[in-house]
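Asks: Provide a 3D model corresponding to the input given below.
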Amino acid sequence: MSPKQQRGEATVELVLDEALRLFAASGEAGLTVQAVTRASGVSAGSLYHHFGSIDGLVSALTARWLGRLLQEMAGALAHTRTARTGVEALVRAYLAFVRDHPEAALLLHSAAADRGTMARGRELRDAQEARLSPFAAWIGQHVAAGGLAPLHPALVESLVMGPVVAVVRRALSGIDDVDLEEASRVLPDRIWRSVAP
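Replies: Next comes the predicted model:
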């Protein structure tokens, strides 16, 4: 990698780090060109060069952290042998990611991320295909082998991840009646029951 490419990569990383910090402190309204350039020390021209717009910056930031979440979930899944231990590992990995990266979790569960997903759902899915394929393949193998309920893989995915996302959104909203540690103890078995054969 040339020195110019290294500087460009360092600039992107700096802007993404500062953008996440601004988002966590001030929400979507805090992500303005002026705020990002002031916090990062990067010029507006450089920001537009690397991201195209604030929406492009939010998309890049969301993709960065979604990739990390999927990587952690894939890592957890790789150490399992049965459908049950796989489902439980996915649930625990997701909740651990939220606990360990609360600012990124706020972004991934935000209205801004939802709008991006709704507007560009197929594009995002295609971009994440290499990371999502192992999950779909894992579900398909366990459905075919009888280890999971005989449902379409998208339904299995929804039954596994839907409750986790709902609990996380509630916890991130500031409602104090959700304890992620308790959820990590209770949800894996309850969710497993919903997809068990």
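Asks: name the nearest residue to residue 196, sequence neighbours excluded.
Replies: Leaving aside its chain neighbours, residue 196 sits nearest to residue 149 (6.6 Å; criterion: C-beta to C-beta, 6 or more residues apart in numbering). Quick note: C-beta positions are derived from backbone N, CA and C, even for glycine.
Asks: tell me how many other residues crowd residue 7.
Replies: 10 (other C-beta atoms under 10 Å).
Asks: helix, strand or coil for it?
Replies: With DSSP: H, G, I helix; E, B strand; the rest coil as the basis, residue 7 sits in helix.
Asks: which residues are in contact with the nearest residue to residue 153 once chain neighbours are set aside?
Replies: Spatially, and ignoring its direct neighbours in sequence, residue 153 is nearest to residue 139 (4.3 Å; C-beta to C-beta, 6+ apart). Shown in contact with residue 139 (C-beta atoms under 8 Å, 6 or more residues apart in numbering): 148, 153, 156-157.
Asks: which of those sits closest to residue 5?
Replies: Ranked by distance to residue 5 (C-beta to C-beta), these are led by residue 157 at 36.9 Å.
Asks: ok, that closest one to residue 72 distance?
Replies: 17 Å (C-beta to C-beta, to the nearest Å).
Asks: can you tell me the closest non-neighbouring residue to the most centrally placed residue in the chain?
Replies: Centroid-nearest residue in the chain: residue 66, 3.2 Å away (criterion: C-alpha atoms, centre = their mean). Nearest non-adjacent residue to residue 66, counting by C-beta to C-beta, 6+ apart: residue 108, 6.2 Å away.
Asks: quick one: the one you found and residue 146, what's the gap?
Replies: 33 Å.
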